[in-house]
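Novice: Following is a predicted model, sequence given first.
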Amino acid sequence: MTTTETIPTATYEYRDILAASEKVRWTVDDLMGPGQKLDFSRPFLPESLARVEPLDFLTPAEKRTLNQIRGNAYLCIFGVVEEFILPFVLDHVRPHLSGQDERVRAMLQFAGEEAKHIQLFKRFREEFERGFGTACAVIGPPDAIAKEVLSHEPLSVALAILQIEWMTQRHYLDSIRGDAGLDPRFKDLLKHHWMEEAQHAKLDALMVEALAEGMDAEALAHAVDGYLEIGGFIDAGLVQQMLFDLEALERSTGRKLTEPEREKAIAVQRQANRWTYLGSGMTHPEFLRSLERMGPALREKVATVAPAFS
């Protein structure tokens with residue numbers, strides 16, 4: 001197979017995606033408006049993502065604090081990610097603006113919702129900083145990260161975005177939705193983010209197909225290599241984020257980790273971040289299905305790499 005022309009396309013329809021998106025509209029004030037507070041007596045992230053329980057040298061309160069630090073980083077990193085998703089989507093839809101069809105409307109709504117998410121996560125961070133009381137650093141600046149990611153060819157970037165969108169679906173459906181112990185405000189925020197990202201994942205899948213159409217096997221393989229390079233760049237950033245999180249834990253609790261404790265925390269939390277932001281998306285069945293449409297060997301290449309991020 002040398003092109004994508006014989007590969008079955010995704011079954012999503014722009015009309016259906018647009019209709020579903022219009023049914024779940026919400027505003028930033030609905031979720032983080034005046035008087036809406038976070039409950040710092042509860043964890044923010046499910047254990048499957050936070051992975052604080054293996055750190056048996058921490059007290060229950062310290063584990064909850066680290067969980068909340070990870071929750072703050074989780075939304076802040078999504079805010080960083082959406083800083084490059086937004087211009088990419090706008091660049092993708094710009095050549096089709098004269099058509100004024102459902103594809104254009106769906107993509108423009110996609111872009112608008114991503115801009116809303118950026119605003120939501122900034123509002124969340126302000127509330128988190130007021131309630132938590134200790135500064136928590138986050139990787140950045142966003143424009144530098146966006147510049148690096150967007151320096152890759154469009155199909156590589158689209159694959160990275162597709163992985164991220166399916167990742168959010170897995171997080172909410174597999175871990176967050178059924179966890180009654182999480183802070184209700186944080187959980188509700190993630191629910192509404194998921195509701196819109198569920199449509200974005202489908203639009204991303206169609207975007208990947210449009211970009212891959214007509215490309216030969218060599219070009220497709222090159223695009224997947226670029227996607228993996230983006231993953232490596234993100235992985236390096238996650239190492240820095242993990243160190244930031246441990247520093248915030250020490251500042252907020254007044255506890256200095258011993259060298260053995262630090263080594264264990266680094267090992268556990270690095271893999272936690274790897275699974276949260278990379279592995280959970282790379283192994284999502286729908287993401288792998290998109291790769292399969294580009295060529296079974298490309299799906300296999302990514303599937304072979306994925307276990308390192310579990």
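Specialist: Done, it's in.

Novice: Now do the buried residues in stretch 107-123.
Specialist: If you call a residue buried by 16 or more other C-beta atoms under 10 Å, then stretch 107-123 has these buried ones: 107, 109-111, 113-118, 120-121, 123. Every residue, glycine included, has its C-beta placed from N, CA and C.

Novice: Let me fix that, I meant to ask about stretch 225-244.
Specialist: Neighbour-count burial for stretch 225-244 [16+ other C-beta under 10 Å]: 226-231, 233-235, 237-238, 241-244.

Novice: Check stretch 145-164 too.
Specialist: Within stretch 145-164, the residues scored as buried using 16+ other C-beta under 10 Å are 145-146, 149-150, 152, 154-164.

Novice: from these, which is closest to Asp179?
Specialist: Of all the buried residues of stretch 145-164, Asp179 sits closest to Ile164, with 21.3 Å by C-beta to C-beta.

Novice: Next, the contact list for that closest one, please.
Specialist: By C-beta atoms under 8 Å, 6 or more residues apart in numbering, Ile164 lies in contact with Val81, Ile85, Tyr277, Gly281.

Novice: repeat that with 6 Å
Specialist: In this structure, Ile164 makes contact with Val81, Gly281, judged by C-beta atoms under 6 Å, 6 or more residues apart in numbering.

Novice: Could you do Trp275 as well?
Specialist: Taking C-beta under 6 Å, 6+ apart, one finds Ser310 in contact with Trp275.

Novice: if I look at it, how far off is Ile230?
Specialist: 17 Å (C-beta to C-beta, to the nearest Å).

Novice: now the longest helix belonging to the chain, how far from the chain's geometric center?
Specialist: When the chain is scanned for its longest helix (criterion: DSSP state H), the result is helix 217-253. Here helix 217-253 shows a centroid-to-chain-centroid distance of 11 Å under the convention C-alpha atoms, centre = their mean, to the nearest Å.

Novice: Could you do stretch 35-45 as well?
Specialist: Worked out by C-alpha atoms, centre = their mean, stretch 35-45 lies 21 Å from the chain centre.

Novice: Span of it from start to end?
Specialist: 22 Å (C-alpha to C-alpha, to the nearest Å).

Novice: and that stretch, which residues are buried?
Specialist: So, applying 16+ other C-beta under 10 Å, buried residues of stretch 35-45: Leu38, Arg42, Pro43, Phe44, Leu45.

Novice: For the first one, pull up the helix or strand it's in.
Specialist: Mapping Leu38 onto the secondary structure by DSSP states H and E places it in no helix or strand at all.

Novice: hmm, back to that, so of the buried residues of stretch 145-164, which two are at opposite extremes in space?
Specialist: Ile145 and Leu155 (19.4 Å).

Novice: Quick check: of the buried residues of stretch 107-123, which lies closest to Leu58?
Specialist: Looking across the buried residues of stretch 107-123 and measuring by C-beta to C-beta, the closest to Leu58 is Phe121, at 26.8 Å.

Novice: what's the helix or strand for that closest one?
Specialist: Under the criterion of DSSP H and E, Phe121 resides in helix 102-132.

Novice: list the helices and strands that helix packs on?
Specialist: On a contact count with 3 or more C-beta pairs under 6 Å, 6 or more residues apart in numbering; DSSP states H and E, helix 102-132 meets helix 14-23, helix 28-32, helix 60-93, helix 184-212.

Novice: Pipe the ones you listed into CSV and attach mean neighbour count per row.
Specialist: Shown next, in CSV, are these (neighbours: other C-beta atoms under 10 Å):
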stretch, mean neighbour count
helix 14-23, 16
helix 28-32, 16
helix 60-93, 21
helix 184-212, 22
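
Novice: out of these, which comes closest to Arg270?
Specialist: helix 60-93 (12.3 Å).

Novice: Give me the helices and strands touching that closest one, please.
Specialist: Against helix 60-93 (3+ C-beta pairs under 6 Å, 6+ apart) you get helix 102-132, helix 142-150, helix 154-170, helix 217-253.

Novice: Save those as CSV, and put in mean pLDDT and distance to Arg262 too.
Specialist: Below are the helices and strands packed on helix 60-93 laid out as CSV (pLDDT from 0 to 100; distance: least, C-beta to C-beta, whole Å):
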stretch, mean pLDDT, distance to Arg262
helix 102-132, 92, 22
helix 142-150, 96, 26
helix 154-170, 96, 28
helix 217-253, 97, 7
